[in-house]
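*Asks:* What follows is a predicted protein model with its sequence.
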Amino acid sequence: VARPILFLTDYGLGDEFVGVCHAVIARLAPDARVIDLTHGVPAGNVLAGALALESAVPYAPPHAVFLAVVDPGVGTERRAVAVEAGDAALVGPDNGLLDPAVRRLGGGRRAVTMDPSLVSPGPVSATFHGRDVFAPAAAILARGGSLDELGTDLDPASLGRATIPQPSVSPGRLEATVIGIDRFGNVRLGARPTDLDRAGLRGSISLAGIRDPVQRIRTFGDLEPEGVGILEDSSGWLALVRNGSSAAEALGLAPYDRVTLDVERRPVG
Amino acid sequence: VARPILFLTDYGLGDEFVGVCHAVIARLAPDARVIDLTHGVPAGNVLAGALALESAVPYAPPHAVFLAVVDPGVGTERRAVAVEAGDAALVGPDNGLLDPAVRRLGGGRRAVTMDPSLVSPGPVSATFHGRDVFAPAAAILARGGSLDELGTDLDPASLGRATIPQPSVSPGRLEATVIGIDRFGNVRLGARPTDLDRAGLRGSISLAGIRDPVQRIRTFGDLEPEGVGILEDSSGWLALVRNGSSAAEALGLAPYDRVTLDVERRPVG
Amino acid sequence: VARPILFLTDYGLGDEFVGVCHAVIARLAPDARVIDLTHGVPAGNVLAGALALESAVPYAPPHAVFLAVVDPGVGTERRAVAVEAGDAALVGPDNGLLDPAVRRLGGGRRAVTMDPSLVSPGPVSATFHGRDVFAPAAAILARGGSLDELGTDLDPASLGRATIPQPSVSPGRLEATVIGIDRFGNVRLGARPTDLDRAGLRGSISLAGIRDPVQRIRTFGDLEPEGVGILEDSSGWLALVRNGSSAAEALGLAPYDRVTLDVERRPVG
């Protein structure tokens, strides 16, 4: 039985790039099921891709092959790698894209630098390694191949790391960075519920620049129509949300913005 | 043989939400074919989702499982339900999303309120029941499970209803509400060709606020380049269209706008 | 074994149109794998669809059925056709959409005008032949059917042609038309690297209206952050690119714009 492939890129769906990669896989591993995790990673945003990939790890089918391509360095000296971690394999550029997923899977057991001439069934372009290198490599693994067929060993400890912005916690205050905004305008912060707890922020919270307090809530429906809340999102991150509308728009927040959450001080008088 | 799953949400494809649901299904029902009906339902728009789901009913493969999630009330007291209708099953929130499809299938024969702890293979988040409740439930049905495995019976007559704006018909006049605009700018009205007939509107029709008459046509190519037409669309609704450009833009129409169609009165003189 | 279907349209993914076509195929050819090449072809843009389809030809699995629908003439007298070329079959409107792919496959060996009443399992709408004619026809071929089941023979030489804007080459100068812009803002020109060679444009090149020279490069990473380059893209066309940002935006270029590339003349003094 072929291993399932979980496929993520920043190619978008407006061009034929993703479809051509599917075609390449269908040629080499006709029995492999391919699941599109998303192809909407913002162009060139390795961190966003890395976090989306990591979010899928706990839900992946057994023996999955993760195929991830957010690759601004395509055609340069950056390494193309394949990694074994847990019961999964991961294929992609060595720019940190795979790192959080590899860690979530328990760390890399083995890794190779891929040799495009070994992997590719045809000529290798300078600009589309998704089609010419990464998709073929994932297909080889999906049909039962091993890392030996893809290239030469490298030390898994040398794999590129992702840089996730860290929160700053002090008594009564949490500073964190916006690491993502979803379709609904929910604002994901680079911080966890435990960070809020450590800062002692429990009930009503003050968000710098916002008049009304932010409520610590469990789900959208706990909020009044105009309220802003903070909750644990479905991947375990903190997120600023509204009920039925976009928190990002209401708060004027964009990725990489830094936000400060304080113990609310009710105005005197 | 596994039942095919027809999957519709308002999650969009920019995030990994849809892909993670596919992964969950692949774990629980590896043989089930999953067809993405659309994930572009406008965020939180239950009516738009309900109409898209209904449109697919006549074309679904036998024994299909409809998995539909447009769920602004996620994590609140709203019920999560599974329904048997015709040879199909439907899974989703009980907010009217399933209603038109259930009716098109001949009405609900049996329904259950789903118990997340029965359905979910893991912890249940407060904000992503697509992943934690609905996708697992659809997978259980797809692999041959019955409603008994999902929860406790409820009266199908108590299921939530969709509210489709109704037309108003009088001699020489039809008033209707815009219920959808597609990628091509075609403007779907909450009215049927028979409503036009009942109003006695056959040849040239006058649309309030528009100078030139609206032609009653069969397809786009029947129109002159700058003309506006009204036709029966592929789901049986009336639609205002242009030939090769957006009627919504030309007419300045948006969902929920009310439009008035009259017998054309040619200007005197 | 069913033939794989490669599916391309301009329907977008915001509506249920693509999903319903998938459902139709699943009814008629439940074993056929369907690969979505793209559904993001700009609405009604036959040339863009034709080029995307052609790009996929070298990567298609054996015995593929190409199902392509960019069909502004739906419901008019335009022919619906099916073509055999190489080991593939192609289904779509006869408006030039299939032409470049058919040529890349070695030319049409046989073709038929499809008879909707033969092909469709139900009523045929006037506006959605993707669902009612083209998808059923592709499914019939995928499950092993022949062109005989679809309609009556026509002369393959009479099939509609695509009009790809041609470059103009003279010593020291290349004029070409923008034939596509991808998600990353790369600007595809209707010209090949050999055209640059024939014009004698090798090192630094001058692009009319742009101050800095355009570098002839191999991949994005060869450029300085603010530089503009020209390279052979992954489908063999010339493309104007930047490194990590949109060339289309930086250069103010849109599809069908004409650009002039000259031997760079360094300013005197």
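*Replies:* Good, I have the coordinates.

*Asks:* low pLDDT regions in chain A?
*Replies:* Where chain A drops to pLDDT under 70, the residues are A:265-269.

*Asks:* let's go with 50 and repeat that
*Replies:* A:269 (pLDDT under 50).

*Asks:* what about the helices in it?
*Replies:* A:17-28, A:46-56, A:99-104, A:116-119, A:129, A:135-142, A:193-199, A:247-251 (DSSP state H).

*Asks:* hmm, the first one touching chain C?
*Replies:* Spelled out, it's helix A:17-28. Yes - interface with chain C: helix A:17-28 contributes A:17, A:18, A:19, A:20, A:22, A:23, A:24, A:26, A:27 (C-beta under 8 Å from any C-beta of the partner chain). Bear in mind the C-beta positions are built from the backbone N, C-alpha and C, glycine included.

*Asks:* is it true that residue A:84 touches residue A:106?
*Replies:* No - here residue A:84 lies out of contact with residue A:106, judged by C-beta atoms under 8 Å, at a distance of 10.5 Å.

*Asks:* re the thing from before, most neighbours among the residues of helix A:17-28 next to chain C, please name it.
*Replies:* In terms of neighbour count, residue A:20 stands highest of the residues of helix A:17-28 next to chain C at 28 neighbours, by other C-beta atoms under 10 Å in any protein chain shown.

*Asks:* Might one say that that residue is in contact with residue C:35?
*Replies:* No - the criterion here is C-beta under 8 Å, and residue A:20 misses it with residue C:35 at 9.1 Å.

*Asks:* what's the longest strand in chain A?
*Replies:* strand A:173-181 (DSSP state E).

*Asks:* how far away is residue A:113 from residue A:261?
*Replies:* Distance, residue A:113 to residue A:261, using C-beta to C-beta, to the nearest Å: 43 Å.

*Asks:* So these two - more neighbours on which side?
*Replies:* residue A:261 (26 against 15).

*Asks:* Would you tell me which residues of chain A are close to chain B?
*Replies:* Residues of chain A lying close to chain B (C-beta under 8 Å from any C-beta) are A:4, A:6, A:8, A:13, A:33, A:35-40, A:52-53, A:55-56, A:58-62, A:64, A:182-184, A:218-222, A:231-234, A:243-244.

*Asks:* How many neighbouring residues does whatever residue of chain A ends up closest to chain C have?
*Replies:* Nearest to chain C, among the residues of chain A, is residue A:75, at 3.0 Å (C-beta to the nearest C-beta). A total of 19 residues lie near residue A:75 under the criterion other C-beta under 10 Å.

*Asks:* for the stretch 51-200 of chain A, what spans make up the strands?
*Replies:* For the stretch 51-200 of chain A, the strands defined by DSSP state E, counting those that start in this stretch cover A:65-69, A:80-85, A:88-93, A:110-114, A:151-154, A:168-170, A:173-181, A:187-189.

*Asks:* just checking, what packs against the second one?
*Replies:* What it means is strand A:80-85. strand A:88-93, helix A:99-104, strand A:110-114, helix A:135-142, strand A:151-154 (3 or more C-beta pairs under 8 Å, 6 or more residues apart in numbering or on different chains; DSSP states H and E).

*Asks:* Show me which residues of the last one are buried.
*Replies:* If I follow you right, that is strand A:151-154. A:151, A:154 (16 or more other C-beta atoms under 10 Å in any protein chain shown).

*Asks:* how far out from the middle of the chain is that strand?
*Replies:* Offset of strand A:151-154 from its chain centre (C-alpha atoms, centre = their mean, to the nearest Å): 25 Å.

*Asks:* Listing partners with orientation, what would you give for that strand?
*Replies:* Sheet partners assigned to strand A:151-154 using DSSP bridges are listed as strand A:110-114 (antiparallel).

*Asks:* Excluding chain neighbours, what is closest to the residue in chain A that chain B sits nearest to?
*Replies:* Per C-beta to the nearest C-beta, residue A:219 is where chain A lies closest to chain B, at 3.0 Å. Nearest residue to residue A:219, sequence neighbours excluded (C-beta to C-beta, 6 or more residues apart in numbering or on different chains): residue B:75, at 3.0 Å.
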